[in-house]
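Colleague: Whatever this is, show me its structure:
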Amino acid sequence: QFVVLVDPEAILAMDALERLAGAFGQRPLTGVIGCKVLDGDVETIHHVGLRLLGNGLPSPIGQGETDRGQFNGIHDALTIQMGAMAVRSEVWCELGGLDERFWPAFYERIDFCLRSWLANWAVSVAGDATVTHFGVPDGEYFTADEVESFFRSRAVLLMKHYRAKDWLTRYLPDEIRWLL
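Modeller: Residues are numbered from 1 along each chain as shown. Coordinates of the predicted model:
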């Protein structure tokens, strides 16, 4: 019934799959459901879904907040990125899975979520389903290849989803603000 993607540096809570399945039962028009992603201390929220800035940079919802249950329950999100996400099998097949142009990493799940919305399937986060993500440790940085992959993937996403006017009205203003 579902395809579940879990990052190799993430650990699902024991009941996360059960909670994701329950969330799909409550949301028949939702095609993708993500988990509440916690940092390695299991108290700090990494994100409960993402917004995208006009220049395509992700803006994590809830990042840095102490988890006190404020994001429990199910809520819609524009997109999900790291940690874990579940996809209805029919949606996975309809959309053709992840776009390989984003390989080896970055933006592939964001693109999938945007395509889900365009195909009239909602994207949600089940805040009661948690995953702990052990990403880049404090004090460590991405390699030059990872940074290059991130910006290349961002460009692929924008080229795929932006129309001409979006470059002037959304991308350019946010990119200038970000650079300055």
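Colleague: where in this structure is pLDDT low?
Modeller: 136-141 (pLDDT under 70).
Colleague: Helices of the protein, start to end?
Modeller: 16-26, 89-95, 108-118, 144-161, 164-166, 172-179 (DSSP state H).
Colleague: Tell me which residues of the third one come out buried.
Modeller: For helix 108-118, the buried set under the neighbour-count rule, 16 or more other C-beta atoms under 10 Å, comprises 108, 109, 110, 111, 112, 113, 114, 115, 116. No exception for glycine: its C-beta is placed from N, CA and C like everyone else's.
Colleague: now the fourth one
Modeller: When burial is assessed from 16+ other C-beta under 10 Å, helix 144-161 yields the following buried residues: 149, 153, 154, 156, 157, 158.
Colleague: okay, the residues you listed in JSON lines with distance to residue 17 next?
Modeller: Output for these, formatted as JSON lines (distance: C-beta to C-beta, whole Å):
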{"residue": "149", "distance to residue 17": "29"}
{"residue": "153", "distance to residue 17": "28"}
{"residue": "154", "distance to residue 17": "31"}
{"residue": "156", "distance to residue 17": "31"}
{"residue": "157", "distance to residue 17": "28"}
{"residue": "158", "distance to residue 17": "33"}
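Colleague: of all those residues, which comes closest to residue 27?
Modeller: Closest approach between the buried residues of helix 144-161 and residue 27, by C-beta to C-beta: residue 157, at 25.2 Å.
Colleague: I'd like the distance from the closest residue to residue 40 other than its chain neighbours to residue 165, if you could.
Modeller: Distances taken as C-beta to C-beta, 6 or more residues apart in numbering put residue 134 closest to residue 40, at 4.9 Å, once the chain neighbours are dropped. As judged by C-beta to C-beta, to the nearest Å, residue 134 and residue 165 stand 41 Å apart.
Colleague: Out of these two, name the residue with the larger neighbour count.
Modeller: Each of residue 134 and residue 165 has its neighbours counted (other C-beta atoms under 10 Å); residue 134 has more, 12 against 8.
Colleague: contacting residues for the more buried one?
Modeller: 9, 10, 11, 40 (C-beta atoms under 8 Å, 6 or more residues apart in numbering).
Colleague: From what I see, the last one and residue 11 are in contact.
Modeller: Spelled out, it's residue 40. No - counting by C-beta atoms under 8 Å, residue 40 stays clear of residue 11, with 9.6 Å between them.
Colleague: hmm, back to that, and which of the contacts of residue 134 is nearest residue 64?
Modeller: residue 40 (13.6 Å).
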